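Participant: the sequence isn't on hand, but the structure is:
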């Protein structure tokens, strides 16, 4: 590579390129490879123009490279927080709170970060309403932890967008995410695991639980998450059989202009520059219009939606839904109409944009049909080889999780039916609820405890019950006496309440989290504890 670079253009060209490679040192190998290819195919002038364009795209606020390492992000976050504190201290005593907030808004906008209170709300007519919001926003932008989160997301997505447009996210090279983003995600996972290994939770009774153990037993563990999803999916299938409903497996994809790379021929000339997050917004919009059309026609469905990446990181949907056979054809027709509404006349759209298969119980179960897609995007369990990404299933699953984390994409979504939060809360209560009335609550707890999703759904009101008609709802308590770090009331999930009688008889609350836990460092001496941020209160 060094010899190839040394032959490109004039000495001035090589010095110009070297400065850019140094500025973006953490992805310089990608840039060098592209620069050599441009010079070989189109000449050194074209290569310089393209490299300058990429350099501008990778600059954050005109100063820093968005490909910087995490320590640099932490350092920059600290600087930004200090700058915001200085602005607040300088203007708070001279101007009213709204004008001070406006100064902070302008600063955040100048460095490319969204201020927590949008400029459309900056209106004197709402002074009393906005002042608390502006104060909380000022607390956020004065906190280096807030800046750290914002910069990690913004810089990571910007750098990945550049690498994706250059062809470094595709089948055979680096499926779903670039190798840079994948390494960054794995480093974050290792960093978080190390942090959690040094933390513990203690309640008011002195009971201590290791945070590692809590995470291992929760749905944050991919294996537990997969198992829970499959239990719910099998339960839905049993409900559908009892209702004589038909299973439909839909696929929904984006128009070709959302795809950065073609599967066989490389760069897509139609690509409009959309990120996976923007493509996801498109899919969600289409899906919302489909649901609205179904609702207007009285069509009720329930099931699951899986969002997974194409080889180049562009998302697409798989949906396993159950519906009345009498409305099946109408549901499919409406789905297709909305899927083809944008660019439906392009070549191959009728075959690649959407698809539907009717589940034949003779050939296999509906749960078995979607099991592959769940495993493929979580832990690769019993998948073997990821054909889409041309890699082993376990690596493909990690890459899919890295992709979802990077772009803020919700991989799995339950469609219709009842609250899974209530299910999880009731599973926390192992002993029978002898004090509860009506008895349906104990029956719900018992169904959740033994993992019977079918009975749980039926007792909650059925697979197509409206949210307001479900028997139980999660109950959140706002505690003004223990505000968050940003001055907001702390909102805690503490249990479930009986909904149908709530309006007539008052809320009937079942507490599932009757302990308050504080997270702290393990084996910390007094000096170390004093140096840490205030402990985080959790209800258990």
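Facilitator: Structure's in. What do you need? It should be emphasised that the depicted structure is a prediction, and the values quoted were computed from it without experimental measurement.

Participant: list phi and psi for the residue nearest to residue 391 when sequence neighbours are not counted.
Facilitator: The shortest distance from residue 391 to any non-neighbouring residue, by CB to CB, 6 or more residues apart in numbering, is to residue 175 (6.0 Å). The way it works is simple: take the backbone N, C-alpha and C, and place the C-beta from them, glycine included. Reported as degrees, to the nearest 10, the phi and psi values for residue 175 are phi -70, psi 140.

Participant: check the gap between residue 175 and residue 345 for me.
Facilitator: 30 Å (CB to CB, to the nearest Å).

Participant: same deal with residue 147?
Facilitator: Relative to residue 345, and taking CB to CB, residue 147 is found at 46 Å.

Participant: for residue 165, same thing?
Facilitator: In terms of CB to CB, residue 165 sits 26 Å off from residue 345.

Participant: what's the answer for residue 145, then?
Facilitator: According to CB to CB, residue 145 and residue 345 sit 49 Å apart.

Participant: give me the more crowded residue out of those two.
Facilitator: residue 145 (14 against 7; other CB atoms under 10 Å).

Participant: for that one, what are its contacts?
Facilitator: By CB atoms under 8 Å, 6 or more residues apart in numbering, residue 145 lies in contact with residue 77.

Participant: could you look up the SS state of it?
Facilitator: helix (DSSP: H, G, I helix; E, B strand; the rest coil).

Participant: so how far is residue 80 from it?
Facilitator: In terms of CB to CB, residue 145 sits 11 Å off from residue 80.

Participant: go on, residue 93?
Facilitator: Distance from residue 93 to residue 80, by CB to CB: 22 Å.

Participant: give me the more crowded residue out of these two.
Facilitator: residue 80 (24 against 8).

Participant: quick one: contacts for that one?
Facilitator: Neighbours of residue 80 in contact, by CB under 8 Å, 6+ apart: 111, 113, 141, 144, 147, 151.

Participant: may I see those organised as a markdown table, with neighbour count and distance to residue 27 added?
Facilitator: Listed next are these as a markdown table, based on neighbours: other CB atoms under 10 Å; distance: CB to CB, whole Å:
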| residue | neighbour count | distance to residue 27 |
| --- | --- | --- |
| 111 | 18 | 21 |
| 113 | 19 | 22 |
| 141 | 25 | 28 |
| 144 | 19 | 25 |
| 147 | 26 | 22 |
| 151 | 25 | 17 |
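
Participant: how about the residues you listed, which pair is most distant?
Facilitator: Largest separation among the contacts of residue 80 by CB to CB: 111 and 144, giving 14.1 Å.

Participant: coming back round to it: roughly how far does the residue nearest to residue 391 sit from residue 181?
Facilitator: Distance of residue 175 to residue 181, given as CB to CB: 12 Å.

Participant: ditto for residue 204
Facilitator: Residue 204 is 42 Å from residue 181, by CB to CB.

Participant: who's more crowded, the two?
Facilitator: residue 181 (26 against 9).

Participant: report the contact partners of that one.
Facilitator: So residue 181 contacts 156, 159-160, 163, 402, 406 (CB under 8 Å, 6+ apart).

Participant: in TSV: these, plus distance to residue 355, pLDDT and neighbour count.
Facilitator: TSV is the format used below for the contacts of residue 181 (distance: CB to CB, whole Å; pLDDT from 0 to 100; neighbours: other CB atoms under 10 Å):
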residue	distance to residue 355	pLDDT	neighbour count
156	32	97	23
159	34	97	26
160	28	98	25
163	30	97	25
402	27	97	22
406	27	98	25
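
Participant: domain-wise, how is this protein divided?
Facilitator: With domains defined by automatic domain parsing, the chain comprises 70-152, 222-415, 421-539.

Participant: show the end-to-end separation of the longest one, please.
Facilitator: Using CA to CA, to the nearest Å, the end-to-end distance of domain 222-415 comes out at 21 Å.

Participant: list of residues touching the helix or strand hosting residue 400?
Facilitator: Per DSSP states H and E, residue 400 falls inside helix 393-407. Helix 393-407 has contacts (CB under 8 Å, 6+ apart) with 156-157, 160, 175-177, 181-182, 185-186, 222, 275-277, 280, 307-309, 313, 315, 375-381, 383-386, 388-389, 391, 409-411.

Participant: ok so, going back, need the contacts of residue 80 in JSON lines (columns: distance to residue 456 and pLDDT).
Facilitator: Shown next, in JSON lines, are the contacts of residue 80 (distance: CB to CB, whole Å; pLDDT from 0 to 100):
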{"residue": "111", "distance to residue 456": "48", "pLDDT": "90"}
{"residue": "113", "distance to residue 456": "43", "pLDDT": "91"}
{"residue": "141", "distance to residue 456": "43", "pLDDT": "94"}
{"residue": "144", "distance to residue 456": "44", "pLDDT": "96"}
{"residue": "147", "distance to residue 456": "43", "pLDDT": "97"}
{"residue": "151", "distance to residue 456": "42", "pLDDT": "96"}
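
Participant: please name the nearest non-neighbouring residue to residue 474.
Facilitator: residue 421 (4.6 Å).

Participant: next SSE after the one helix or strand the one you found maps to?
Facilitator: With elements taken from DSSP H and E, the one containing residue 421 is helix 420-426. Downstream of helix 420-426, the first helix or strand assigned by DSSP H and E is helix 440-449.

Participant: would you mark the buried spots in the helix or strand just after that next one?
Facilitator: Next in sequence after helix 440-449, counting helices and strands by DSSP H and E, comes helix 453-460. Using 16 or more other CB atoms under 10 Å as the test for burial, helix 453-460 gives 453-460.

Participant: surely residue 492 is in contact with residue 482?
Facilitator: No. Using CB atoms under 8 Å, residue 492 is not in contact with residue 482; the gap is 9.1 Å.

Participant: these two: which has the busier surroundings?
Facilitator: It is residue 492, of residue 492 and residue 482, that has more neighbours when counted by other CB under 10 Å, with 17 against 11.

Participant: are we agreed that the more buried one is in a helix?
Facilitator: No. Under three-state DSSP, residue 492 sits outside any helix and is assigned strand.

Participant: what ranges in the stretch 351-500 of the chain fall below the confidence cut-off?
Facilitator: In the predicted model, the stretch 351-500 of the chain carries pLDDT under 70 at residues 435-438, 500.

Participant: tell me the contacts of the most centrally placed residue in the chain?
Facilitator: Residue closest to the mean C-alpha point of the chain, counted by CA atoms, centre = their mean, is residue 408 at 3.2 Å. Counting by CB under 8 Å, 6+ apart, residue 408 touches 153, 277.

Participant: appreciated, that's everything.
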